[in-house]
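Asker: Sharing a model that was predicted from the sequence below.
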Amino acid sequence: MINIKEHERLNVMNHSCAHLMAHAVKNLYPQAMFWVGPVITDGFYYDIDLGGDAIREEDLPKIEAEMKKLSKDGKRIVRVEVSKSEALDMFKDDKYKIDLISQMNEDDTVISVYKQGDWMDLCRGPHVESLKELKNFKLLKVSGAYWKGDSENEMLQRIYGVCFESKEELDEHLRLIEEAKKRDHKKLGKELELFMISEYGPGFPFWLPNGMMLRHLLENFWWKEHVKEGYQFIQTPIMLSQELWQISGHWENYRENMYTSTLDERTFAIKPMNCPGGLLVYKNSLHSYKDLPLRVGELGLVHRHEASGALNGLFRVRNFTQDDAHIFMTEEQIESEVVRLINFIDRIYKVFGLTYSIELSTRPEKKYIGDIEVWNRSEAALEKACHSAGKECKINPGDGAFYGPKLDFHIRDSLGRVWQCGTIQLDMNLPERFDLTYIAPDGSKKRPIMLHRVIYGSVERFIGILIEHYGGAFPMWLAPVQAVIVPVNPDLHSEAAHALAKRLEDLDIRIKVDDRNEKLGYRIREAQITKIPVQLVLGDGEMANNSINIRRYGQQNSETLPVDEFVAKLLLEISEKR
RNA sequence: GCCGACUUAGCUCAAUUGGCAGAGCAACUGAUUUGUAAUCAGUAGGUUGUAGGUUCAAGUCCUAUAGUCGGCACCA
């Protein structure tokens, strides 16, 4: 665990390293002008305008070398405080710095400038004392970045880098990056034949048999767990008429990203969300307060025309399956229902060995609908539910959707990377737009509270995360092929191998027999490469004793067990989802 | 969509200043009968993403276009 002091020190170093990099860039590209160079979760970046010139990835070593030179030279970093007019004069050749300074207050702001040798930068600080302290750094990538983060603006060049106290820490960081590359789900998806994406359908993944099995297992697990939680299930159409999307408001807000089709002079849109369909189902019958909370699940396939540059393997696709559910309830039921949901989500994530943190996003300053009192009560209910469930929850003020507050679940994978998957969102908009009601005890019609929630988020994306989390070596219950039987001599032991396979198949174990005319080592190797959890070797010895030799994925050694004992152990491992 | 890089056999990659498109693995055929990460030999496999252009000659240079990747913007 890194403590706060070390963390601050690391941030200061990275910030100073951003300055060091900018200094080096200025030496190599005198025309360069600089916007900002902040510290980020992993390292730092600096946004630079090279006036038409371009830094390429291959130029990074050159910049690093210049940085090393400056570091060795070891200039001290000195803080200077100046007035606004002095600052404007000092940076008169850099329009970006002028822009920053112009936004500062005339009188009461102290403007600080950090100087190192002949180079200086407008900066709040703090910084390390000398460039000498910056030794263990690496520039990682270059990219474009819009000025002020606004796509209407020109693009600057952004250089990313990291800096550490010790070479060991830097090496460890670079090792983690390499490890992440090895686990890339796009690479493993190809190697393990899980999915493919054709150039005929950018962003539309195809599921290959192995991936389809994985998907089926996840959906099946999802279904069973939801039955336990009192959910009902529906399926709503992929395509519904334009008028429906006008009622829901999606037409107005997301039309650009919706796939549409007009035939017989009527326009239909492929659903980008499941909710409107779900609401039509709710409205299909009358509901009593006695039916609430009503939990309705749908594994719904949605399509969204994402920007071409946003597509990324299974992480960002144009069609995906939300493990959606809508819960309709009274305001009094919010807290207990959310507690129940948090515990539910907790149970699911634990199965995958994923830890997580929860964030509560509250009412936006300006753009929101509904009654402020209801917002306050809902936010309080969500927060209280977190605490009742024994969970911490970080508050993101003003980060909620315009239609309601939400709890987001940020999961942490085996490489320490964070992904937002689950979310619980209250919706004060759609029940109003669709005029949803239930009959209260006094016979009057009341408006239910609606809650959207997903656990996987998108099944496709969740599988992408799981592939990387497990590095493609899935636990027994998820492995597309759970075991492969390798008869030592295909001619002599193949029959027994198939008999054993039949027995295991009857127990719903996903089994393969590799009785190809290849050496044992060759077949074992292939099973290891395809990350099949266990290899079962069957030869004369095993046939004589009704035993089986078991070697697990990633292990060198093997053990021999009576077949009955092995089967019992295997079934236990599967049922316990280890 | 924007900035940049990339695209050669099913996969992973070669191919000198523009000068005969090649290897390993996989596939197929045959031999081999296998005890825990690659048995041997042979065969086949390509309009070098696509469409144009420059050139005596283009995988290589130029233009356009599609897709992928790394970021940016976006992510109901």
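Answerer: Everything's here; your move.
Asker: which residues sit in contact with residue A:278?
Answerer: A:234, A:236, A:296, A:298, A:324, A:326 (C-beta atoms under 8 Å, 6 or more residues apart in numbering). C-beta: built from backbone N, CA, C; applies to glycine.
Asker: and the one helix or strand the fifth one maps to, which strands flank it?
Answerer: Read that as residue A:324. Secondary structure assigned from DSSP states H and E places residue A:324 in strand A:319-329. Using DSSP bridges, strand A:319-329 pairs in its sheet with strand A:294-303 (antiparallel), strand A:449-458 (antiparallel).
Asker: How far does it sit from its chain's centre?
Answerer: With C-alpha atoms, centre = their mean, to the nearest Å as the basis, strand A:319-329 stands 18 Å off its chain's centre.
Asker: could the strands paired with strand A:319-329 go into TSV alongside distance to residue A:190?
Answerer: Shown next, in TSV, are the strands paired with strand A:319-329 (distance: least, C-beta to C-beta, whole Å):
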stretch	distance to residue A:190
strand A:294-303	23
strand A:449-458	20
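Asker: and residue A:172, which of these is closest to it?
Answerer: strand A:449-458 (30.0 Å; C-beta to C-beta).
Asker: Would you mind putting the CA coordinates of the closest one into CSV?
Answerer: Taking C-alpha atoms only, strand A:449-458 is exported to CSV below (Å, rounded to 0.1, in the frame of the first residue of the first chain):
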residue,chain,number,x,y,z
ILE,A,449,-40.7,5.5,-8.6
MET,A,450,-38.7,3.8,-11.4
LEU,A,451,-35.3,2.5,-11.1
HIS,A,452,-32.9,1.3,-13.9
ARG,A,453,-30.1,-1.0,-13.0
VAL,A,454,-27.5,-3.2,-14.6
ILE,A,455,-24.9,-5.4,-13.0
TYR,A,456,-22.7,-6.5,-15.9
GLY,A,457,-23.5,-3.3,-17.7
SER,A,458,-23.0,-4.6,-21.1
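Asker: from the strands paired with strand A:319-329, which stretch is densest packed?
Answerer: strand A:449-458 (a mean of 23; mean count of other C-beta atoms under 10 Å).
Asker: So the helix or strand just after that strand, near RNA strand B or not?
Answerer: Counting by DSSP H and E, the element after strand A:449-458 in chain order, helix or strand, is helix A:459-470. No: between helix A:459-470 and RNA strand B, judged by C-beta under 7 Å from any atom of the strand, nothing touches; the nearest distance is 9.5 Å.
Asker: quick check: mean pLDDT across helix A:459-470?
Answerer: On average, the pLDDT along helix A:459-470 is 97.
Asker: what helices or strands is the helix or strand just after it leaning on?
Answerer: Downstream of helix A:459-470, the next assigned helix or strand under DSSP H and E is strand A:483-487. The contact analysis (3 or more C-beta pairs under 8 Å, 6 or more residues apart in numbering; DSSP states H and E) places strand A:483-487 against helix A:490-505, strand A:511-513, helix A:520-529, strand A:534-538.
Asker: what angle separates strand A:483-487 from strand A:534-538?
Answerer: 20 degrees (axes from the mean of the first three to the mean of the last three C-alpha atoms, to 10 degrees).
Asker: would you turn the helices and strands packed on strand A:483-487 into JSON lines with distance to residue A:194, mean neighbour count and mean pLDDT?
Answerer: Converted to JSON lines, the helices and strands packed on strand A:483-487 look like this (distance: least, C-beta to C-beta, whole Å; neighbours: other C-beta atoms under 10 Å; pLDDT from 0 to 100):
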{"stretch": "helix A:490-505", "distance to residue A:194": "22", "mean neighbour count": "16", "mean pLDDT": "96"}
{"stretch": "strand A:511-513", "distance to residue A:194": "16", "mean neighbour count": "19", "mean pLDDT": "97"}
{"stretch": "helix A:520-529", "distance to residue A:194": "14", "mean neighbour count": "15", "mean pLDDT": "96"}
{"stretch": "strand A:534-538", "distance to residue A:194": "19", "mean neighbour count": "24", "mean pLDDT": "98"}
